[in-house]
Structure formats: structure tokens, C-alpha cells
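> Predicted model, plus sequence, below.
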Amino acid sequence: MVKKVKKSCSFLIDHGFKDSEIGIILGTGLGGLVDHIDVIESIPYEEIPNFPIATVEFHHGELIYGKLEGKTVIAMKGRFHFYEGYSMAEVVFPVRVMHALGIKKLLISNASGSMNHSWKKGQLMLIDDHINLQPDNPLRGNGAAAFGSIFTDMSRPYDPAMNGLFKKVAEEKEIILNEGVYVAVSGPNLETRAEYRFLRNIGADVVGMSTVPEVIAANQLNLPVSAISVITDECDPDNLQPVNIEEIIAIARDAEKDLIELFKGVVRHQ
């Protein structure tokens, strides 16, 4: 795995990916931040040695290098999921590559469903903590120990300083920013009514199929990370409606303007 990371880094450095400060992972329907980046280089995932290829139709699969709010950033336009058939090592491979390229902070976005009935579609949630129900772990197996202790402490997985900054920017911009617990499941199907009740009862506010593996990998690397969920559907088991993926994507895109303002504000203050 270390050799694969080095080979990817060598390729990217040769293509100008240098002096990187901040890594950004953009979730489902949330690629619009790229329009605010002064792009220096953009490379499709399939051209990068050892990189997985995004298979989900609404994940475009490009690694973006450029300037955002005066900072040098690497942005993933499209991420990888366990449900696509990748190993957890493949899911978090880009985090390890970005860290090797020099990023000092990692920002993540995702789309999620809310079991908290006081929150509405289109609102944002700052992740304070998470519950991992995915059936594998990126720190398991041969090679993971090369990136740090596999017994990584997860008592505060989300960086308190960056979370505080997100809340400050939200207040300044008058953006509703809820705060709560994200639960990661394997997917790709959505949950049953009983599963939503279970997830709420164990302490989760929102549910999704990503983010947690990358956060675990970042913590192993001692890389400060912060993450925002866009609430794209309301998961009330007593009034559950059939899922509409097109609607979920549309809601994510409508909410993206607030997410972009938050990300730009946090990057500006790094």
C-alpha cells in the first residue's frame, strides 16, 4: 500500500500537485465548490496510478488542484464507497495520497437522511461524532500499520477547532447549521422503517453510506478533519415515503450554496 501511495504521489507531483494545504472530499450532488476553485490542474481518477474509479453515475471522478480563498487545495470531485465493491483500503486510498502530498487539514461533505424530526430537508448538519455500522475497517489488514497505529484513538474524531470555526462562519452568514451524530451503514439500499427506528434509538441523527472510513484514516494519520452532512431526506418511519434518488440529488444541489459558503469561510481562516 505504501508503494502504491508513493507511485500515485509521484505521478501527481509530476503534474503539478505541490505544496498542498487542504484536502476536500465532495459528496453526492455536492461538486459545485469546484466552480469556486481557481483550478490549476484537473485529472480524471482513471489516469492516476492505483486510484480507484468512481462507479456511481453522479460522482464524476476528478482530482482537482488549485487555489480556494488563497489556500492551495486538493479536491475530490467524486468519492468511493464500500458498496461499490471496493475494499476499505481502496475507499481511503485518496486520503492517504492527499496526506502524503502535504495537506494539513481535511474537509468532507456528504448527503444524508435525517432521523431527527426537528430538522428539515436542505438543512446542514455539522458532524460532532459518529457511529460506525459498516462491516469493515480501513485500519484492518496488512499494510495499514504503515500509516500509524491501527489502535487509533477516536475519542474526538472531528477536530474541535475546525468545528468551532464552522459554527462561527454559519453564525456570520446566518446559515442554519445543526450539530449531531452521523451513522455510517454499508448501503446501497436505503433503510427500512424498523432500521430507522433502531438507528435513532442508538443515538444517530443522520444516516449515510460514506465519510466514516475517511475520518478513521485521517485520525490514524493525525490529520485534523471536519465534516458536514446535507440533509436530503426526512426519515420518519411512521410517515416513510418511497425514495426518489433524483429528488435527493436536487435537494443536495439546492443546499449546496450554503455548504459552499461554509467551506470557503473555513478555508479562508486556515
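Right, received. Where do you want to start? Numbers count the residues shown, from 1 in each chain.
> in the stretch 51-200 of the chain, which spans are strands?
In the stretch 51-200 of the chain, the strands defined using DSSP state E, counting those that start in this stretch lie at 62-68, 71-77, 105-114, 124-132, 177-184.
> Contacts only, for the residue located most distally from the centre of the chain.
Largest separation from the mean C-alpha position in the chain: residue 238, at 29.5 Å (Cα atoms, centre = their mean). By Cβ atoms under 8 Å, 6 or more residues apart in numbering, the contact set of residue 238 is residue 193. C-beta coordinates here come from the backbone N, C-alpha and C atoms, glycine included.
> tell me the SS of it?
Following DSSP: H, G, I helix; E, B strand; the rest coil, the label given to residue 238 is helix.
> pLDDT weak spots in the chain?
Scanning the chain for pLDDT under 70 picks out the ranges 29, 54-60.
> center of it, which residue is that?
The chain has residue 108 as the residue nearest its centroid, 3.3 Å off, counting by Cα atoms, centre = their mean.
> Just list whatever residues bridge to it.
Following DSSP bridges, residue 108 is listed with bridge partners residue 25, residue 227.
> correct me, but it touches residue 227?
Yes. Here residue 108 lies in contact with residue 227, judged by Cβ atoms under 8 Å, at a distance of 3.9 Å.
> Could you name every residue contacting both of the two?
With Cβ under 8 Å, 6+ apart, residue 108 and residue 227 have common neighbours 211, 215.
> now the closest residue to residue 95 other than its chain neighbours: how far from residue 181?
In space, and not counting its chain neighbours, residue 95 is closest to residue 217: 4.6 Å by Cβ to Cβ, 6 or more residues apart in numbering. When distance is defined by Cβ to Cβ, to the nearest Å, residue 217 is 20 Å away from residue 181.
> What count of nearby residues applies to residue 186?
Neighbourhood size, residue 186 [other Cβ atoms under 10 Å]: 13.
> Over to residue 115?
For residue 115, the number of neighbouring residues by other Cβ under 10 Å comes to 25.
> residues contacting residue 21?
When contacts are counted by Cβ under 8 Å, 6+ apart, residue 21 touches 71-73, 102-105, 270.
> Next, give me the two most distant ones among those residues.
Farthest pair in the contacts of residue 21 (Cβ to Cβ) is 102 and 270. Separation: 13.5 Å.
> What are the boundaries of the helices in the chain?
Secondary structure of the chain (DSSP state H): helices located at 2-14, 88-91, 93-100, 160-173, 193-201, 212-220, 245-268.
> what are the C-alpha coordinates of the third one, in CSV please?
In this case it means helix 93-100. Output of helix 93-100 as CSV, limited to C-alpha atoms (Å, rounded to 0.1, in the frame of the first residue of the first chain):
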residue,chain,number,x,y,z
PHE,A,93,-6.6,5.5,-0.5
PRO,A,94,-7.1,9.1,-1.7
VAL,A,95,-6.9,10.4,1.9
ARG,A,96,-3.5,8.7,2.3
VAL,A,97,-2.4,10.1,-1.0
MET,A,98,-3.5,13.7,-0.2
HIS,A,99,-1.8,13.4,3.2
ALA,A,100,1.4,12.3,1.5
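> Show me what that helix is packed up against.
Other elements packing on helix 93-100 under the criterion 3 or more Cβ pairs under 8 Å, 6 or more residues apart in numbering; DSSP states H and E are helix 2-14, strand 22-26, helix 212-220.
> do that again at 10 Å, thanks
Using 3 or more Cβ pairs under 10 Å, 6 or more residues apart in numbering; DSSP states H and E, the elements in contact with helix 93-100 are helix 2-14, strand 22-26, strand 62-68, strand 71-77, strand 105-114, helix 212-220.
> was I right about residue 99 contacting residue 219?
No. In this structure residue 99 lies outside contact range of residue 219 using Cβ atoms under 10 Å: 11.4 Å.
> What backbone torsions are found at the closest residue to residue 139 other than its chain neighbours?
Sequence neighbours aside, residue 150 is the residue nearest to residue 139 in space, at 4.4 Å (criterion: Cβ to Cβ, 6+ apart). Phi and psi for residue 150, reported as degrees, to the nearest 10, are phi -80, psi -10.
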